[in-house]
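Colleague: For reference, the sequence and a predicted model appear below.
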Amino acid sequence: SDLPADEVAKAKGFTLELMDAAGAQYVDIPAESGLVARAAGGYYIRAALVNIREENIDREFAAVGYVQFEVGDMTFTSYTAYREVRNARSIEQVARLALKEADKYTPAQQAILREFAPTEAAPVIDFYLVAGQSNAAGSSNWNDNIMQLRPEYYEGFSHILYSGSSNQAHRLNTVTKLGYGSAGDTFGPELGMADALSQYYNEETGRYAAIIKYAYGGTNLYDSITGSNAPEGNWLPPSWIEAMGAKDAHLSGGLFRALVNHVENSINEYEAMGFDVNIVAAYWMQGESDTGNHAKDGLYDDIFKCWVGDLRASIVEMTGEERYEQLPILVGEISEYFSGARNNPTSYQNCLDFVKMQREIIGSWENVYVISNGNIPTDDHANDVSHWGYHQALWIGQHLGQTILTELLGQEVVIPEDRIVAELWLDGELIGVYSELAGAINQAPAGSVVKILKDLDMYSNMVIGNRNKFTIDGNGHTLTFKTADGSDNSYHSAIKFFATDVTIKDLFVISTNNAWGSQLFLNSSVTWIGGGFEAQELCFVMNDHGALNIHGGEFTTRGTTNSGFGVIYLGSAKTQTLTITDGTFNAGATGAGSAVIITGSTVNDVITITGGTFIGAPDTDVVIDVNSTSATLNIDSSNITVIGGTTAGIENSGKTVTMG
């Protein structure tokens with residue numbers, strides 16, 4: 001080779017060390033007169049291997065091209081992109097692909113190609129299409145800690161490939177792994193999907209799949225051409241445009257056309273790689289931007305029915321295969337708690353109605369499967385109420401993959417025993433096992449018990465929005481939340497309860513960041529029995545209507561902020577009920593902390609304390625009511641112990657209740 005080894009090593013992913021490890025060889029092939037101008041600008045580099053030995057006919061070759069040029073006294077080397085999965089070709093693959101368009105070649109040329117083409121059928125690769133807005137594009141955050149949970153998350157699933165465009169971030173024909181969201185530090189449904197599907201597509205079975213994604217955050221199915229729809233358009237289907245007209249010739253339906261083009265290009269590319277493409281299903285995750293539109297006119301399902309039909313027809317047209325007239329469509333429910341739904345009754349009702357429409361109307365169509373994500377709140381820890389956190393997003397992708405396994409591939413879901421973190425029990429019968437706690441919480445029916453099987457590190461909030469009455473049995477285990485610090489407690493709390501009625505027993509929680517421990521929203525009812533909770537400050541915050549019942553456990557704040565906060569806080573002028581029968585509530589570390597704080601001038605709280613140990617800062621009421629004239633305190637001092645705090649009662653109201 002005329003190119004020095006250190007120059008070769010500069011090509012990322014194509015180093016001498018990697019080639020040596022793979023038993024590959026390096027050769028420098030000069031491309032004499034090999035620069036061919038492209039119509040769109042730039043150049044193709046063309047070179048050829050000749051006189052290849054017979055024993056290497058089925059061997060794959062991969063290449064990275066480079067150009068050296070001089071500017072003054074400086075010599076520069078520019079490389080083409082290299083992706084082994086995309087670049088590797090064997091002579092057999094090239095010959096097979098050429099024979100798919102045999103009419104381009106003379107009979108003599110066809111005869112030569114047949115000598116090189118393999119006689120066995122091309123390997124099949126199953127396509128799974130993904131389309132929609134930001135929760136399809138991928139907006140869930142991840143960090144380096146998450147890469148350790150399973151090597152494939154970072155290294156990629158070898159037999160599940162990916163070709164996608166997420167908010168104009170293009171990644172083509174590589175293995176599926178973390179980072180294929182709308183930004184490099186985010187991911188979408190493809191990760192959990194590949195996780196679940198890897199039991200079917202792997203080296204042992206020899207099966208391949210590819211996830212073909214085209215998605216753009218904040219976009220509409222309706223004919224909106226502003227905001228996030230302005231760059232590439234909306235998802236309006238062609239048949240709707242034909243019947244109803246379009247606002248803009250380019251933007252109306254622009255994303256639908258882009259998806260179809262991407263699918264067709266992907267078919268051509270994977271066929272060039274030697275595969276026979278089989279499209280199994282399409283997944284649609286969209287609707288958050290259209291809940292208000294649907295609330296006004298009720299047309300979303302009508303437009304989407306056209307979308308489904310037009311997508312199927314487009315695939316039939318590009319492949320010539322009528323079987324795709326019945327292509328299965330999987331539909332992800334939007335979150336019932338999306339964005340402003342948690343504090344805006346109209347938005348909340350719009351989301352509830354939209355999910356009901358998805359389940360009852362869209363779910364009734366032939367070959368359409370609705371994935372039940374609705375009760376999972378969108379609440380990423382990164383100040384984001386529009387996208388799912390890491391654990392929830394991973395589960396949603398897994399649920400999608402599991403649905404494909406059971407409904408479309410006829411397989412039983414298999415989760416390795418060492419990856420099972422939770423079980424789901426109903427009436428004494430085991431009904432499910434999960435590698436993500438979020439999955440068990442999502443699917444828990446009324447009267448069921450989610451049983452945690454091991455201590456867990458949590459890398460995003462645990463959000464509970466299942467409105468069925470169920471129990472989480474911590475089984476003595478600990479959840480350690482390692483979410484990022486943040487100045488806004490409203491986002492960074494370890495646990496958030498939304499419109500749920502849940503009992504939590506024998507569970508220990510440690511929140512390592514500087515935020516509140518947990519929050520109750522939308523009239524949640526939480527009963528906590530035993531176990532414990534440690535947080536920087538405020539283990540429980542009630543800023544909405546709801547009920548909190550505590551029957552034992554140890555609850556501690558580490559607080560160093562001298563904020564005056566303590567273990568439990570009730571506020572924001574909402575009707576709340578707090579009942580404590582036992583437990584230790586230690587706010588002594590907060591400097592000015594009280595164990596229980598009630599505030600808000602129009603709060604209609606009812607606080608009943610019949611037992612427990614309350615530890616406050618010196619000279620501070622361990623139970624304090626600030627500026628509230630309507631709260632009712634029922635305190636039985638006979639079973640109550642006060643440590644540190646001198647009194648317990650109501651401040652600024654003229655009443656004092658002495659405990660202990």
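Modeller: Arrived safely.
Colleague: The residue most central in space within the chain and T406: what is the separation?
Modeller: For the chain, the residue nearest the mean C-alpha position is A393 (2.4 Å; CA atoms, centre = their mean). From A393 across to T406, the span is 21 Å (CB to CB, to the nearest Å). (Glycine included, C-beta is placed from N, CA and C.)
Colleague: before we move on, what about V308?
Modeller: Taken as CB to CB, the span from V308 to T406 is 21 Å.
Colleague: So which of those two has more stuff around it?
Modeller: V308 (20 against 12; other CB atoms under 10 Å).
Colleague: Could you list the residues in contact with the helix or strand where that one lies?
Modeller: Using DSSP states H and E, V308 maps to helix 300-319. Contacts with helix 300-319, where a contact means CB atoms under 8 Å, 6 or more residues apart in numbering, come from 221-222, 235-240, 256, 259-260, 263-264, 267, 279, 282, 284, 287, 290, 293-294, 321-322, 324-327, 329, 354, 357, 361-362, 365, 368.
Colleague: run the last query once more with 7 Å
Modeller: Outside helix 300-319, the residues that touch it by CB atoms under 7 Å, 6 or more residues apart in numbering are 221-222, 235, 237-240, 260, 263-264, 267, 279, 282, 287, 290, 293-294, 322, 324-325, 327, 329, 357, 361-362.
Colleague: And stretch 323-333, by the same measure?
Modeller: 279, 281-285, 308, 312, 315-316, 355, 358, 362, 367-374, 396, 400, 403, 408.
Colleague: Endpoint to endpoint, stretch 39-54 covers what distance?
Modeller: Distance across stretch 39-54, first residue to last, is 37 Å (CA to CA, to the nearest Å).
Colleague: any idea of the mean pLDDT for it?
Modeller: Mean pLDDT, stretch 39-54: 72.
Colleague: those helices in the stretch 51-200 of the chain, which residues are they?
Modeller: Under the criterion DSSP state H, counting those that start in this stretch, helices of the stretch 51-200 of the chain are mapped to 84-87, 91-99, 107-116, 134-137, 144-147, 151-155, 189-197.
Colleague: Just put these in a markdown table and tack on mean pLDDT and distance to A246.
Modeller: Below are the helices of the stretch 51-200 of the chain laid out as a markdown table (pLDDT from 0 to 100; distance: least, CB to CB, whole Å):
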| stretch | mean pLDDT | distance to A246 |
| --- | --- | --- |
| helix 84-87 | 56 | 36 |
| helix 91-99 | 75 | 38 |
| helix 107-116 | 82 | 45 |
| helix 134-137 | 94 | 23 |
| helix 144-147 | 71 | 42 |
| helix 151-155 | 87 | 41 |
| helix 189-197 | 97 | 29 |
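Colleague: Among those, which comes closest to Q168?
Modeller: helix 134-137 (9.7 Å; CB to CB).
Colleague: burial of the nearest residue to A122 once chain neighbours are set aside, as a residue count?
Modeller: Using CB to CB, 6 or more residues apart in numbering and skipping the chain neighbours, the partner closest in space to A122 is D276 (4.1 Å). Neighbourhood size, D276 [other CB under 10 Å]: 13.
Colleague: From S289, how far out is D276?
Modeller: 37 Å.
Colleague: ok so, going back, with mean neighbour count and distance to A494 added, can I get the helices of the stretch 51-200 of the chain in CSV?
Modeller: Output for these, formatted as CSV (neighbours: other CB atoms under 10 Å; distance: least, CB to CB, whole Å):
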stretch, mean neighbour count, distance to A494
helix 84-87, 18, 39
helix 91-99, 19, 51
helix 107-116, 12, 61
helix 134-137, 29, 22
helix 144-147, 14, 16
helix 151-155, 16, 22
helix 189-197, 28, 22
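Colleague: Select, out of those, the one closest to E203.
Modeller: Checking the helices of the stretch 51-200 of the chain against E203 by CB to CB gives helix 151-155 as the closest, at 11.7 Å.
Colleague: Just the C-alphas of that closest one, formatted as CSV.
Modeller: Extracted C-alpha coordinates of helix 151-155, given in CSV (Å, rounded to 0.1, in the frame of the first residue of the first chain):
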residue,chain,number,x,y,z
PRO,A,151,-24.3,-4.4,26.4
GLU,A,152,-26.5,-4.4,23.3
TYR,A,153,-28.0,-1.1,24.3
TYR,A,154,-24.7,0.6,23.5
GLU,A,155,-23.0,-1.9,21.1
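Colleague: ok, and what's touching it?
Modeller: Under CB under 7 Å, 6+ apart, the answer for helix 151-155 is 146-147, 177-178, 191, 198.
Colleague: Let me know the closest of those residues to A102.
Modeller: The shortest approach to A102 among the contacts of helix 151-155 belongs to S198, at 36.7 Å (CB to CB).
Colleague: The closest residue to the closest one other than its chain neighbours bridge partners, please.
Modeller: In space, and not counting its chain neighbours, S198 is closest to F157: 5.1 Å by CB to CB, 6+ apart. Judged by DSSP bridges, the bridge partners of F157 are T176.
Colleague: thinking again about what came up before, work out the gap between the helix or strand harbouring the residue nearest to the centre of the chain and the centre of the chain.
Modeller: If you go by DSSP H and E, A393 is part of helix 390-403. How far helix 390-403 lies from its chain's middle: 7 Å, per CA atoms, centre = their mean, to the nearest Å.
Colleague: Work out the sheet partners of the next helix or strand after it and label each with its direction, please.
Modeller: Sequence-wise, the next helix or strand downstream of helix 390-403 (DSSP H and E) is strand 422-426. Applying DSSP bridges, strand 422-426 is found paired with strand 429-434 (antiparallel), strand 449-452 (antiparallel).
Colleague: Return the set of buried residues in the last one.
Modeller: So the one you mean is strand 449-452. Under the neighbour-count criterion of 16 or more other CB atoms under 10 Å, strand 449-452 has 449-452 buried.
Colleague: Would you mind checking the average pLDDT for the helix or strand following it?
Modeller: Going down the chain from strand 449-452, the next helix or strand is strand 456-458, by DSSP H and E. The average of the pLDDT scores along strand 456-458 is 94.
Colleague: And the residue nearest to A122, how far from A95?
Modeller: Look at D276 and A95: by CB to CB, they are 15 Å apart.
Colleague: How many residues are close by the nearest residue to I431 once chain neighbours are set aside?
Modeller: What sits nearest to I431 in space, not counting adjacent residues and going by CB to CB, 6+ apart, is L424, at 5.3 Å. Around L424 sit 21 other residues, with neighbours defined as other CB under 10 Å.
Colleague: List the contacts of L424.
Modeller: L424 makes contacts with 431-432, 440, 443-444, 448, 450, as judged by CB under 7 Å, 6+ apart.
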